[in-house]
Structures are given as C-alpha cells and as structure tokens.
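>>> Just a sequence and a predicted model for now, questions to come.
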Number of protein chains: 2
Amino acid sequence: MANNPPKKNPSEADDNVIPLIKGRRATSYDVARLAGVSQSAVSRCFKPGASISGKMRERVMKAAKELEYQPNAIARGLITQRSNLVAVLVSGRLNLYYPEVLFKITEELSSAGLRALLFTVDNEEDTEMVIEQAWQFQVDGVISASHMSQEQYKVLEKRQIPVVFFNRYFADHPNTVVYCDPAEQVNELLEQLQTLGHRRAAIITGPSENMVSRERTRMVEDSLAKFGIETVAQAQGDFTYESGAAGLQDIKSQAKDLPSLVICVNDMMAMGCMDEAQSVLGISVPDELSIIGFDGIGMGQFASYELTTIRQPIGRMSEAAVKMITDRVERPDQSHEKRVFEGAVIPGGSIARAPT
Amino acid sequence: MANNPPKKNPSEADDNVIPLIKGRRATSYDVARLAGVSQSAVSRCFKPGASISGKMRERVMKAAKELEYQPNAIARGLITQRSNLVAVLVSGRLNLYYPEVLFKITEELSSAGLRALLFTVDNEEDTEMVIEQAWQFQVDGVISASHMSQEQYKVLEKRQIPVVFFNRYFADHPNTVVYCDPAEQVNELLEQLQTLGHRRAAIITGPSENMVSRERTRMVEDSLAKFGIETVAQAQGDFTYESGAAGLQDIKSQAKDLPSLVICVNDMMAMGCMDEAQSVLGISVPDELSIIGFDGIGMGQFASYELTTIRQPIGRMSEAAVKMITDRVERPDQSHEKRVFEGAVIPGGSIARAPT
DNA sequence: TTTCAATTTGCATTCGAATGCAAAACTGCT
DNA sequence: AGCAGTTTTGCATTCGAATGCAAATTGAAA
C-alpha cells in the first residue's frame, strides 16, 4: 500500500532493479533512487525557497541532470492547484494590432513564469467555447483582448478565474482593466487641425458594439464640437483596410462636398481610406484631404502612409496587464483596479493645412 | 486507505455530509455523489466512446451541469500521458507573416481538440529555454516556425516529442516538414519578366543563416541564370521593411547603373524597397523599376503597393502541419514525411516592361 | 560529553481523472 | 424460470509532484 516508487511487483522491491524503460521520462522517483534520497527531497530541490541543505541539492541536481529530469508541470499543477497557464484571448480577424499586443504579452508572461495558452475568438460562440476550454485547463487567469459579454464575464467571475481586460471594460460592473484613453491627444490633434483651417470633418467608426470604437468616436465627436469643426458625415467600418476604403466612398455619397478631414478610429481603416482617396478617387493626401488614425501600428509609419495617428503604449500596457493578472492570481479577493494610459500623438505626413 | 472521495475525517464518512466548499470547483467525485453513481461512471461519461448506458449518461450529465462540472484537463493529462498541448514556436520579430500562420494554426489545432501553447523565439538561447519549458509542460508536440538548431532538434527527438517544421528543415536529418517550394512560380514569373525586357536584376536576401532566405535566393539565382538575366547586385537584409529600404540603397551603391528589377525574398522587404525607391530616390515603380516579393502577406495587396509576389498557401500549410502533428502524436514511430506545397503567383502592379 | 534547539530529511497522503478487472445487471433464448 | 452471453457498473490503482508532520541529523552551548 505504501507508495513504493514506480513499478508493479512488490516482491522484488527495494533496489534499483527497474531500469528506465526506454523512452519513459524520468520522474522525481527516478532521480531520488539514483541520488539515494527520498522523492520529497527531489521535489524540494526544485522548489525555490524550500528547506534543503547544499549537499543534498548538489547530489540531487547531479542525478537530475544525468536523467535530464525536469519537474512535470502537469503533476505539479494538479497538486498545487496552479497551472501556470494564462489564457490569452485575441481576435483572429487580423487587425495587425493584435499580433503586436499578443507577442508582447506572451513575452511578459514568460518572464513571470507563466505560459500563454492562445485562443482566437471571432464571435460570441467562440468566446463561450473558449471559456469552457480555459476552465478545463485550469488556467490561472485570462487576459482578454477580444469581445466578451457581461454574462460570459460573470461566469468566469463565479468560477473565480481572474480576468484582465485589454482595452475594454464594463462600465457598470467591477473589473480589472488596462486601458488607453487618448482623449487628451484627440484634443491636441484636433486643435492643431482646427488651427490648420479644418472646419468640416467625417468619421469612420468601427462596429457599433465595439467599445473601443464607441469610445474613440465619442471622444472625436466631443472634440470636434469643442473646436467648432462640423461633422458632415459618419461611416461605419469594421476595423479592416477594406472597410476604410468603403468608408470613404460612403462619406462621399453622404456629403457631396467632401470634408477636408477624415478621422478613422483605427490605423488600418485610415490606410484603406488613404489608398482609396489617392489611388481610386484621385484625391491627394494630405493636400486635399487630411486623414488621421488610432493605434500606432508599425506599418502606419511606412513611407507610403506616414500616417498621423495616436499611439497606444502597447509595451507598457502589456506589462501592466501581466502584472495585474499575476497580482490577482496571488490575491484573488483584492479589489479591482483600472490602469489607464495616455496615448501619444505620432505626427505624420497625412495631415496638412485645409485646402481653401 | 481506500480512495474515499474528498475529505479528511474518516469517522463521519460515507454520506454527502460534506458540502461543496465555497469556491472549490466540482470534481468527478462531487458529480458522482450527487448523481449517486461511481466516479468511474462520471469519467466514462466524458470520454467519447466509453461504455455507458443512456440512462446513466443522462443522470450524470444532469448532475454535471448542475455543478458546472468540466473534467480537469490537468488531472486527465497526468493519467493519460497526453496534455493536449502543442507548443507553437514563432519568431517574435514582427514579420507580419507569422501572425497569419499563427492564427491559422491555432484555429486548426483547436478543431483537433488541441491547445496552442505559444512561445516567441528570437534567438538560440530562447529556443533552448522554450524546449525545456515545453518539456516541463509535457506538450504532445511542437510546431516550429522559428529557428532551431540541429542539436536542439535532437534533444526533442531523444525525448520523443514530435516536431513539425514549418518552412524549414534539416537536409541531412530525417524530419517532418511542411514546406512551400515556389521554384516553379519563380521560373514562371522571371520568364515573364524576361519577356518584358528585363536583363539586369538585383536581389535582396534575408539573413544568410536563414533557410527560407537561402532557398529562395538560390531559386532566384538559378532562374535568373536560366533566362539570361544578369545579377548586378545583391544586398542582405533581415526580412524587415527597413532592411528592404536599406537594401535598395546598398544595391545602388553596388551598381551605379541601377537594374530594372529587384527581387526581394519576402514581401516586407519588397515594400520597404518600393517605398525607398519612390519616396526617397524618386524612382517610379513599376515604370523605372520592377519589384517582386515572396509570401503573399495581406498588406502587400494594399493599393499603395499592389505587390507582385509569390504566395504561400498558408491555410493549407497550417492545416497540414496540424494534421501531421496529430498523426505523429498517435503514431510516434511512423516514418517522417515532408509535404511540399506549390506557391502561386499573385500578379500585381509592381512590375512592368523594362525601361529602355 | 551531554543537552536542547534548529535545521534537514523522509513518510505518507493528496490532487482529479482514467482504466483493467471483476462483479453486477441486463438481454435473449429455451 | 434458468442459463449463457453481453453490456454496464464499480473497485482499486495509477499518473508525478507537493507538503504537513514526525523522525533524524546537525550544530551550538554548557
């Protein structure tokens, strides 16, 4: 009954008769046997801060190296109730902004000793499934940069899985959030554009259910009003390049007299819009039309675009997200926190004095 | 000693005295107790194809739903020796081509019931670490789209972890590979360019240690020779936009008389090269200079570029990679396989008749 | 050298699901 | 009803590491 190490026949017990079965990976028992110590000792050697003498550690480590032993994270997870896995939810629709965030987050997680379990989410049902999957895998936490309904969030809450939202949150429900609030920069930029003589503008928004889109749209509208710039048209896109191009056409059909400025709520649409203006409509940017975007994705800075935009500090935000998730894993009942970062205006060649 | 379900005091044993501790997640024992059946029955209910009567399944599922029970994938992994995790290694250096692959692979894995454990790898030491991490987490397999040395591969081989390489392989060592061989398309395209009057070309390569770069460069050189197009310059880049721009400058300094054609071994560099030509050097593309790339990334098709390129069938390749990894997980000793896909020429506006 | 505290070590149990085997419950047939 | 054959069910064990507790060792003080 006693937990004698690995194999079956209790009669021929006691010594290292049992060779490592070819291909079987070494366990702590194998290491223990080879080093002539107990399994607990091996375990403690691999747990930082455990009570172990230097001599012992040396012996164990030597045996461990010989057997290429590495603790089994699965078994460890079972007993410690910590999987060291964090589910990262991103939208699969290539926004080109997500990959940057994703890679940053993965790296940050990695240096916190956590592993990213990647999920791509494109609709509510996906989210549903992902939540169940994450639950099965006992993830220690979730970082969500994709859509999630309040009901879905409540499920995670009930199950006591910490969630950090990236650039989205529920206004009427406590939650932990990393967020970029570019209101200040929107004002700064639009003031500058007003000074450059712009008086008529159009907006290309994202999907109406998308929070980032709504917020950005609101800020832009407020700011336009503040500086006395009229909104002559508004088109809805879906964050893609194509929808930016289509958006401009839509604007054109709404206002026969094209505005001098188009504000797109993300860079990808701004690029689509810019290309449509120049390549299709033959409208020169920025001479005849100024365009601005949001996000600060890398390719917005390519020479063909030189997009004027408001960048999110992705690096710091990712870092913050990971920090927050680890904090919440340690102290789950700790109160929620919302970390809001400023944006930063990236000046570019896509704006100019309004044509007269 | 018997494995009586959850709690400590054996004297007050036997009935459902023990309420679910608040916040503790339900286990198969909890479900079994509620449904009045054995734990094994619960387990079998969640294992497809197990021997279970309809009546039993119904009872168990009802209880399971009530307790929001989902099998613990960690515990399951421990006993079955299958973690259902696959390590996906991608380069963190934003090539913009990796995200597409990554998302595709993740989706494919997901529909095969596997989860992607994401690792970003930027250098050999990273790979080293990643391999150990993957080993700890008992991943069922590895899909590698990043650099890995032969020694590192051998470690995985010795540990019997199946590996599928994505667009790279070892010529002198058996391995399982998904690969795109665009030789045919290179010929097709260069023949066309020869017909268009191009006689002098330059190449912008990737890092010399990179296999994809070497192969593509070789194909291009062969093909250029075949069609009697002279290679007047060759610059080395690192797959980034910036290095494409720098590459053109390099070419310019190598050949005072600029060639009429520049072939870049990936799209990102081709875009950098194109922008440098037009925005900085004032060389018109394609009228004065034709440019082609490799990969077929989405943004190459944006109106500002309309890049002529050779696309990799990423969707099919990802699918194949996942299929191969699952196959190898099932039958690890099965012989290796190499699946080679053709490329496809995407015609675009970045090439034209050579200037006279 | 003895004694007592402090540190190390080992024992035995635990985490939660899967599974070989045997017992039990059905099924159909005479 | 009785019996063989089949299907379901439950029992007990297993996977590999962590840990509370007690035993053993070490070290220092007397």
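Thanks, I have it.
>>> Can you pull the phi and psi angles for residue A:91?
With angles defined as degrees, to the nearest 10, residue A:91 sits at phi -80, psi 140.
>>> Pull the contacting residues for it.
Contact partners of residue A:91, counting by C-beta atoms under 8 Å, 6 or more residues apart in numbering or on different chains, are A:98, A:120-122, A:145-147. Backbone N, C-alpha and C define where each C-beta goes, glycine included.
>>> Same check on residue A:43?
A:28, A:50, A:71.
>>> Confirm that it lies within a helix, as I assumed.
Yes - when classified by DSSP: H, G, I helix; E, B strand; the rest coil, residue A:43 is found to be part of a helix.
>>> Quick check: it vs residue A:255, distance?
To residue A:255, residue A:43 is 71 Å away according to C-beta to C-beta, to the nearest Å.
>>> hang on, the earlier thing: just the buried residues out of the contacts of residue A:43, in ChimeraX syntax.
Selection of buried members from the contacts of residue A:43 for ChimeraX, criterion 16 or more other C-beta atoms under 10 Å in any protein chain shown:
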select /A:28,71
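>>> give me the number of residues near the residue in the stretch 201-350 of chain A that DNA strand D sits nearest to?
Nearest residue of the stretch 201-350 of chain A to DNA strand D: residue A:330, at 13.8 Å (C-beta to the nearest atom of the strand). Using other C-beta atoms under 10 Å in any protein chain shown, residue A:330 is surrounded by 10 other residues.
>>> Around DNA strand C, pick out the residues from chain A.
When proximity is defined as C-beta under 7 Å from any atom of the strand, chain A approaches DNA strand C at A:1-3, A:37-41, A:44, A:51-53, A:55-56, A:75, A:78-79, A:81.
>>> Now do residue A:131 against chain B, distance only.
10 Å (C-beta to the nearest C-beta, to the nearest Å).
>>> Could you tell me what pLDDT the model assigned to that residue?
On pLDDT, residue A:131 comes in at 94.
>>> hang on, residue A:318 packs against residue A:108?
Yes - contact criterion C-beta atoms under 8 Å: residue A:318 and residue A:108 qualify, at 5.3 Å.
>>> So the two - more neighbours on which side?
Neighbour comparison, residue A:318 and residue A:108: the larger count goes to residue A:318, with 24 against 21 (by other C-beta under 10 Å).
>>> restrict the contacts of residue A:43 to contacts with DNA strand D.
A:28, A:50, A:71.
>>> Compute the distance between the residue in the stretch 251-356 of chain A that DNA strand C sits nearest to and residue A:162, please.
Nearest to DNA strand C in the stretch 251-356 of chain A, going by C-beta to the nearest atom of the strand, is residue A:332, at a distance of 16.1 Å. Note on residue A:332: its distance to residue A:162, by C-beta to C-beta, is 6 Å.
>>> Same check on residue A:244?
Residue A:244 sits 36 Å away from residue A:162, going by C-beta to C-beta.
>>> between these two, who's got more neighbours?
Using other C-beta under 10 Å, the more surrounded residue of residue A:244 and residue A:162 is residue A:244, with 29 against 24.
>>> Isn't the more buried one up against residue A:265?
No - with contact defined as C-beta under 8 Å, residue A:244 does not count as touching residue A:265 (9.9 Å).
>>> hey, what's in contact with both of the two?
Common neighbours of residue A:244 and residue A:265, using C-beta under 8 Å, 6+ apart, are residue A:204.
>>> helix or strand for the residue of the stretch 1-150 of chain A found nearest chain B, which one?
Residue of the stretch 1-150 of chain A nearest chain B, by C-beta to the nearest C-beta: residue A:99 (3.6 Å). Per DSSP states H and E, residue A:99 falls inside helix A:98-111.
>>> List the neighbours of that helix that are in contact with it.
A:86, A:88, A:90-91, A:115-116, A:118, A:143, A:145, A:166, A:297-298, A:314-315, A:317-319, A:321-322, B:92, B:94, B:96, B:98-99, B:102, B:118-120.
>>> if we can go back for a sec, tell me which of the residues of chain A next to DNA strand C fall in strands.
In strands, judged by DSSP state E, none of the residues of chain A next to DNA strand C are found.
>>> ok, residue A:60 to residue A:76 distance?
Note on residue A:60: its distance to residue A:76, by C-beta to C-beta, is 16 Å.
>>> Settle it for me: which of the two has more neighbours?
In terms of neighbours (other C-beta under 10 Å), residue A:60 is the more surrounded of residue A:60 and residue A:76; the figures are 25 against 18.
>>> need the contact list for that one.
Applying C-beta under 8 Å, 6+ apart, we find residue A:60 in contact with A:31-32, A:35, A:37, A:41-42, A:45.
>>> hmm, 10 Å instead?
By C-beta atoms under 10 Å, 6 or more residues apart in numbering or on different chains, residue A:60 lies in contact with A:28, A:31-32, A:34-37, A:41-46, A:52, A:69.
>>> What ranges does chain A have for its helices?
A:28-35, A:39-45, A:54-67, A:73-80, A:98-111, A:124-136, A:150-158, A:183-195, A:211-226, A:241-254, A:267-275, A:314-330 (DSSP state H).
>>> any idea of the mean pLDDT in the fifth one?
For helix A:98-111, mean pLDDT rounds to 90.
>>> do the fourth one as well
Averaging pLDDT along helix A:73-80 yields 93.
>>> That one vs DNA strand D: in contact?
Yes - judged by C-beta under 7 Å from any atom of the strand, helix A:73-80 and DNA strand D are in contact via A:75-76, A:78-80.
>>> Give me the below-cutoff pLDDT ranges for the stretch 101-250 of chain A.
Scanning the stretch 101-250 of chain A for pLDDT under 70 picks out no residues.
>>> which one of the contacts of residue A:43 is nearest DNA strand D?
residue A:28 (3.1 Å).
>>> I'd like to know how many residues surround the nearest residue to that closest one once chain neighbours are set aside.
Once flanking residues are discounted, residue A:28 sits nearest to residue A:42: 4.2 Å by C-beta to C-beta, 6 or more residues apart in numbering or on different chains. By the criterion of other C-beta under 10 Å, residue A:42 has 28 neighbours.
>>> and residue A:150, what does it touch?
Counting by C-beta under 10 Å, 6+ apart, residue A:150 makes contact with A:157, A:170, A:172-173, A:175.
>>> so which of the helices of chain A is the most packed in?
Among these, helix A:267-275 has the highest mean neighbour count (mean count of other C-beta atoms under 10 Å in any protein chain shown), at a mean of 29.
>>> mind checking how far that one is from the chain centre?
The chain centroid and the centroid of helix A:267-275 are separated by 23 Å under C-alpha atoms, centre = their mean, to the nearest Å.
>>> Alright, calling it a day.
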